[in-house]
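Colleague: With the input below, show me the fold.
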Amino acid sequence: MQHSPEGQPDGTAKVLQPGFLASVFRDLGADVPEQRGAAPGRSTGAATAAGTGAGAATDEGVAAHGRAAALAHHRTLTVQAEHERLADLLRRAALPVSAMDFESQLRSYEPRPYPQSGAAETGPEPRWADYAPPEPERADPEQGPARRLLDSGYQRELAQARLRHQRDLREWRSRQAEAADSGELAARQAHEEAEEARARAVREYNESLEQCRQAYRLAEPAAVESLLERALAAAEGATQDLPAPCHAVYRPLTRTAVLDLDLPPLDVVPSLAGYRLAPDGDVAPVPRPAADRAADYLRLAARLALRALQAADAVDTDGVLAGVVLNGWLSHPAGTPASAAGERLCLLSVDADRNALARTRLFPAEAPPDAPAAPGATSGPSAAEAESDGVYAAAEQDESLVRLRELAAVVSPDPYGLVQVEPSGTAGLAVPAAAELSANEFAQLVRELLTRGGLAEWSVRLRGPAGLVATGEGAPGTALPGRWVVWASRGPAPVAAEELRTLAEAVQEEGADRGLRLTCGRFSEEALDLAAEADFGQIHLVDGNGVQELTRTHLGLPFTPAE
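Modeller: Alright, predicted model coming up:
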């Protein structure tokens, strides 16, 4: 059989068909160029060369497409790892903390035995009392002790006991000499001294801890703050890879702890759901919905806040604290104006008294859902919902945010938009001012002052950031006898005459005897003139200077009223 020059039995040239490569391109989503036939007049060799060049170009495109797809997959795996880390942080941040009270901090001393070495154990020195045989019993009551000692059997036992004692004593002294030569005695003595030092250190630590406990029971600020700082640091240990320190300041005026929680940076929550391969072959990121990302950040911040509240509540076993104020602060992220450098934003604030903390389950009984929204999921709210309700549309059923709302907390609706909230209370001055107190603190202060003045059966009717309205009744013979309606405010604005008329009406409606208008500011001239009239004789006024004097008299503490 004859063969053609191209090596085919039938003498025809085999041309590379692009059908297979074209199908590969179609499966990968790439555009396939239209196939054209060989130009008229071309030789068979030229057509073959053209086909070979087209095939090489096609193979290079397939390789580039594969590399881009592998890169997109690798980057998506990296994003998924970030989501898994966030889910782990959410889980660990929701773990209940152990109470760091004084009992749990006590130390105990357990002696460590001396490690045995190759040297002989010397033991204690042999004593004759351990070898002496018992004296024979008296056979005759009239027999004297000297006659009993002449007993031959007793004398033999006595002689044998002396021999044993002398032999053991010589052996013990020999072991002592060997131990001294080998350094065993010095090592044992050093071990005993070290054990004595350990026991002394434990004893001194427990004694100092008891002194701190006594100072804590006396509500000394340094002791209270020290215990709170220890408890908060121990609670932070569950998420050491996510620094979120919390600092405590104790305010003796209102027996309140003010906690400043440093929230983690905003980039702790992934901003991407993954990566995809674009039609043009580029690797494009897939951003997450803004509401989903904000909801995940607030979930984490809420759990960190609840953990700090639980640590402060659990450590106060002696009931020193009357309430806790917690503010969650975020440092300005990178890219903000230079004027904002060093400033912080308050993203959440809680003002809870002791009763609210006691009746609120700060952590759920069952493990809450930990995983954030899966990459690429569409569980977030629509654009209209996100604009109207903020992230609460996505996090409405989140357990941690539900617990914070039970404590009347205020939370930023958009942390990534740097929307901040007003702190419930702050502790920046050595002498507390009215503007620094929270709503619960101001109510506690007013109640304490009036209760010590004789007003009992205190009942708060209205309470808010501006002040409170309450009723109380004092026993006869006290400074505040009868039934009272109290209206207290802490703002600097002057009290108008119309407010005194409103208080007089409230006194009549409540069937009270008197009304007390208390303010940390001052009264207007019209209000002072109205209070001097006979029809308003049952209305009593206390301005900022009066509040300051009452605080100094009844509590023995300084206070700065509103200016």
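Colleague: Report the separation between Glu441 and Gly428.
Modeller: Separation of Glu441 from Gly428 (C-beta to C-beta, to the nearest Å): 14 Å. All C-beta spots, glycine's among them, are computed from the backbone N, C-alpha and C.
Colleague: Between these two, which has more neighbouring residues?
Modeller: Glu441 (26 against 9; other C-beta atoms under 10 Å).
Colleague: Excluding chain neighbours, what is closest to that one?
Modeller: Leaving out its chain neighbours, the residue that sits closest to Glu441 by C-beta to C-beta, 6 or more residues apart in numbering is Thr254, at 4.1 Å.
Colleague: Three-state assignment for that neighbour, please.
Modeller: Put simply, Thr254 is coil when judged by DSSP: H, G, I helix; E, B strand; the rest coil.
Colleague: what do you get for Glu110?
Modeller: coil.
Colleague: Then Arg463?
Modeller: Under three-state DSSP, Arg463 falls in the strand class.
Colleague: Pretty sure it sits against Gln444.
Modeller: No - the pair Arg463 and Gln444 fails to qualify as a contact (C-beta atoms under 8 Å) at a distance of 10.6 Å.
Colleague: For the two, indicate the residue with more neighbours.
Modeller: Gln444 (20 against 15).
Colleague: Name the surrounding residues that touch the helix or strand the more buried one falls within.
Modeller: Assigning secondary structure by DSSP states H and E places Gln444 in helix 439-452. Contact with helix 439-452 is made by 251, 253-256, 322-323, 325, 351-353, 424-425, 434, 437, 458, 460, 463-465, 467-468, 470, 472, 480, 486, 488, 490, 516, 518, 547, 550-551, 554-555, 559, as judged by C-beta atoms under 8 Å, 6 or more residues apart in numbering.
Colleague: who's in contact with stretch 425-433?
Modeller: With contact meaning C-beta under 8 Å, 6+ apart, stretch 425-433 is reached by 249, 251, 253-254, 256, 258, 325, 327, 351, 436-438, 441, 558-562.
Colleague: Asn545: how many residues sit nearby?
Modeller: Asn545 has 11 nearby residues by other C-beta under 10 Å.
Colleague: before we move on, the earlier item: please pick the buried ones from the contacts of stretch 425-433.
Modeller: 249, 251, 253-254, 256, 258, 325, 327, 351, 436-438, 441, 559-562 (16 or more other C-beta atoms under 10 Å).
Colleague: pretty sure Glu135 contacts Gln155?
Modeller: No - counting by C-beta under 8 Å, Glu135 stays clear of Gln155, with 11.3 Å between them.
Colleague: can you give me the mean pLDDT across the helix or strand where Arg307 lies?
Modeller: Assigned by DSSP H and E, Arg307 falls within helix 290-315. In this model, helix 290-315 has an average pLDDT of 92.
Colleague: now swap in stretch 415-433 and tell me
Modeller: Across stretch 415-433, pLDDT averages out at 90.
Colleague: ok, now stretch 515-533?
Modeller: 93.
Colleague: shaky segments in the stretch 51-200 of the chain?
Modeller: 51-57, 116-122, 137-150, 179-185 (pLDDT under 70).
Colleague: same thing but 50
Modeller: 118-120 (pLDDT under 50).
Colleague: what about the helices in it?
Modeller: In the stretch 51-200 of the chain, the helices defined using DSSP state H, counting those that start in this stretch lie at 102-105, 145-149, 152-182, 184-217.
Colleague: Tabulate those (TSV), appending mean neighbour count and distance to Pro111.
Modeller: What follows is these, written out as TSV (neighbours: other C-beta atoms under 10 Å; distance: least, C-beta to C-beta, whole Å):
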stretch	mean neighbour count	distance to Pro111
helix 102-105	14	21
helix 145-149	11	45
helix 152-182	13	21
helix 184-217	14	6
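Colleague: Tell me which of these lies nearest to Arg230.
Modeller: For Arg230, the closest of the helices of the stretch 51-200 of the chain is helix 102-105, at 7.6 Å, according to C-beta to C-beta.
Colleague: from the chain's centre, how far out does that closest one sit?
Modeller: Its chain's average C-alpha position is 19 Å from that of helix 102-105, according to C-alpha atoms, centre = their mean, to the nearest Å.
Colleague: got it, and stretch 170-181?
Modeller: Distance, centroid of stretch 170-181 to centroid of chain: 60 Å (C-alpha atoms, centre = their mean).
Colleague: Ok, stretch 70-83 next?
Modeller: With C-alpha atoms, centre = their mean, you get 30 Å for stretch 70-83.
Colleague: Could you export that stretch as CSV, CA atoms only?
Modeller: Below are the C-alpha coordinates for stretch 70-83, written out as CSV (Å, rounded to 0.1, in the frame of the first residue of the first chain):
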residue,chain,number,x,y,z
ALA,A,70,-8.5,28.5,40.7
LEU,A,71,-7.6,31.9,42.0
ALA,A,72,-11.3,32.8,42.6
HIS,A,73,-11.7,29.5,44.4
HIS,A,74,-8.7,30.1,46.6
ARG,A,75,-9.7,33.6,47.6
THR,A,76,-13.2,32.3,48.3
LEU,A,77,-11.8,29.7,50.7
THR,A,78,-9.9,32.5,52.5
VAL,A,79,-13.1,34.5,52.9
GLN,A,80,-14.9,31.4,54.2
ALA,A,81,-12.1,31.0,56.8
GLU,A,82,-12.7,34.6,58.0
HIS,A,83,-16.4,33.8,58.4
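Colleague: Show me what counts as buried in it.
Modeller: Using 16+ other C-beta under 10 Å as the burial criterion, the residues of stretch 70-83 that qualify are Ala72, Arg75, Thr76, Val79, Glu82, His83.
Colleague: Give me the distance between the third one and His83.
Modeller: If you measure Thr76 against His83 using C-beta to C-beta, the figure is 11 Å.
Colleague: go on, the first one?
Modeller: Distance of Ala72 to His83, computed by C-beta to C-beta: 17 Å.
Colleague: Give the buried residues for stretch 231-241.
Modeller: Using 16+ other C-beta under 10 Å as the test for burial, stretch 231-241 gives Ala231, Leu232, Ala234, Ala235, Glu236, Ala238, Thr239.
Colleague: Kindly report the same for stretch 404-424.
Modeller: Within stretch 404-424, the residues that count as buried by 16+ other C-beta under 10 Å are 404, 407, 409-416, 420-421, 423-424.
Colleague: ok, now stretch 465-475?
Modeller: Gly467, Leu468, Val469, Ala470, Thr471, Gly472, Glu473, Gly474.
Colleague: Pretty sure the fifth one sits in a strand.
Modeller: Yes - secondary structure of Thr471 (three-state DSSP): part of a strand.
Colleague: State the pLDDT value of it.
Modeller: For Thr471, pLDDT reads 93.
Colleague: Can you give me the distance of it to Val411?
Modeller: Distance, Thr471 to Val411, by C-beta to C-beta: 33 Å.
Colleague: Return the distance of Ala233 relative to Glu225.
Modeller: Taken as C-beta to C-beta, the span from Ala233 to Glu225 is 12 Å.
Colleague: And for Asp318?
Modeller: Distance from Asp318 to Glu225, by C-beta to C-beta: 15 Å.
Colleague: now swap in Ala64 and tell me
Modeller: Taking C-beta to C-beta as the criterion, Ala64 is separated from Glu225 by 63 Å.
Colleague: Between the two, which is the more surrounded one?
Modeller: The neighbour comparison of Ala64 against Glu225 (other C-beta under 10 Å) goes to Glu225, with 16 against 12.
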